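Trainee: Need a 3D model of the following:
(one chain, ligands or ions: 2)
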Amino acid sequence: MKTLRIFSFFLAVLSLSGCAVSLPEQSKTLLAMDTVMNLTIYGDTDDTALSRAEDLIYELEDLLSTTDEQSELYALNQGESVTLSPPVRDVLDQALALCSDTGGALDITIYPVVRAWGFTTSTYQVPDRDTLSALLERVDYSQVHLTGDTLTLPEGMELDLGAVAKGYASDQVAGLFRACGIDCAQIDLGGSIQVLGNSPDGDPWRIGIRDPEGESAEDYVAVVETADQAVVTSGMYERNFEQDGVRYGHIIDPSTGYPADHGLASVTVISPSATLADALSTALFVMGRDRAAEYWRSRDDFEFVLIGEDGSITISQGIADSFSLAGEQGSLSFEVIRR
Ligand code: FAD
Ligand code: MG
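Mentor: Ligands and ions are numbered 1, 2, ... in the order given. This is a model prediction of the structure:
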């Protein structure tokens, strides 16, 4: 049974400054993966592109949901032997590689722990240490083997693609749009925004990063100007609960079984790949600022914006020229991490 709760958004495409060229625009709003999604395409384009993108997203949701008893992921989690369909194989392949590359900060076998905290059902609770220790025995991506189109899931292990599936869906929609000849579009899947080309006025898109402490989705702490990139944000305030004065977030540190607590309020990752950006926004949140910076130095395919619980802002060198603080924050400063 699916629970339905619409997420507030971490990101938004800020209104475009006076369009020099007025391109025809078509858009579609849909609800999938518990998220309000907005797809917008510009130009004289294929009329079927938006409905095909919508079908594609629903198809992926049907395959990848942990709670839908008809999904392929559900069957895998029941220990069934499943011949994987191409998208499930593809997303698992990419996700497992990133679990390994992040040293397990991302671990898609985290599902038993996520469920014990009640994040899948909204019946929140703080599990006791013994329960978490026992559940962590069932968390280890390195025991999951993907061979051809079959996957072996050791007994008791269960997968959760909540940290990567929206990014994967975004990449698939971007691929579909490009195949339709669309070169100006925005794919807004809640905390994941992917843009094709420059904005319709020819300038880079302006993506607002929400203030984690802000009261409304309109409170932006910063703006990133970008083209042909995905911008994905993770943070504990999307899904959390409070007990005895302590706030518990939905991003779990697989090394402890407890919500990641390394002083970060949100992590935004910017990359041409939305799958990578989604996976790493979650993984960097688990790593914390210093490990995240070190990890960034080991790769050249993403940039980041880290917002600390203390309000501090740290960005990576590659976006230094396209990043600016918004509004009243303009008087504050941010630190740039260099290679
Ligand atoms: P992200 O930071 O990208 O991911 C965090 C999520 O990943 C956590 O919620 C947890 O599920 C998992 N996770 C936590 N820690 C780790 C870790 N260290 N490594 C790997 N994964 C981790 N929600 C509902 O309430 N009802 C639904 O019906 C529903 N259906 C969904 C169907 C699909 C196909 C998907 C992908 C998600 C669905 N969701 C549903 C979940 C929801 O949309 C969000 O994806 C999710 O809760 C948080 O995503 P995020 O992008 O905010 O956070
Ligand atoms: Mg993620």
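
Trainee: can you map out the strands along the stretch 1-150 of the chain?
Mentor: Ranges of strands within the stretch 1-150 of the chain are 11-13, 25-32, 35-42, 145-147, 150-152, based on DSSP state E, counting those that start in this stretch.

Trainee: Pull up the per-residue confidence for the residue lying closest to Leu325 once chain neighbours are set aside.
Mentor: Leaving aside its sequence neighbours, Leu325 sits nearest to Ala222 (Cβ to Cβ, 6 or more residues apart in numbering; 5.3 Å). No exception for glycine: its C-beta is placed from N, CA and C like everyone else's. At Ala222, the model reports a pLDDT of 94.

Trainee: ok, the helix or strand where Ala222 lies: who's next to it in the sheet?
Mentor: Ala222 is part of strand 220-226 when elements are defined by DSSP states H and E. Here strand 220-226 is paired, per DSSP bridges, with strand 205-210 (antiparallel), strand 323-325 (antiparallel).

Trainee: Buried residues of the shortest one, list them for me.
Mentor: Of the residues in strand 323-325, those with enough neighbours to count as buried (16 or more other Cβ atoms under 10 Å) are Phe323, Leu325.

Trainee: Please apply the same query to stretch 268-279.
Mentor: By neighbour count on 16+ other Cβ under 10 Å, the buried set for stretch 268-279 is Thr268, Val269, Ile270, Ser271, Ser273, Ala274, Thr275, Leu276, Ala277, Asp278, Ala279.

Trainee: ok, now stretch 121-137?
Mentor: Val126, Pro127, Leu132, Leu135, Leu136.

Trainee: same deal with stretch 70-81?
Mentor: Per 16+ other Cβ under 10 Å, stretch 70-81 contains these buried residues: Ser71, Glu72, Leu73, Tyr74, Leu76, Asn77.

Trainee: which bits of this protein sit near ligand 2?
Mentor: Ala163, Ser234, Asp278, Ser281, Thr282 (Cβ under 5 Å from the ion).

Trainee: Pull the contacting residues for the nearest residue to Pro272 once chain neighbours are set aside.
Mentor: Using Cβ to Cβ, 6+ apart and skipping the chain neighbours, the partner closest in space to Pro272 is Gln229 (5.8 Å). Neighbour list for Gln229: Gln194, Val195, Ile270, Ser271, Pro272 [criterion: Cβ atoms under 8 Å, 6 or more residues apart in numbering].

Trainee: ok, and what's touching the strand holding Ala222?
Mentor: Defining contact as Cβ under 8 Å, 6+ apart, one finds that strand 220-226 is touched by 12, 14, 195, 203-212, 214, 231, 268, 270, 305, 307, 313, 319, 322-327, 329, 334.

Trainee: List the residues that contact Ala326.
Mentor: By Cβ under 8 Å, 6+ apart, the neighbours of Ala326 are Gly208, Tyr220, Val221, Ala222, Val223.

Trainee: Within reach of ligand 1, which of the residues you listed are there?
Mentor: Checked against ligand 1 using Cβ under 6 Å from any ligand atom, the contacts of Ala326 give no members in range.
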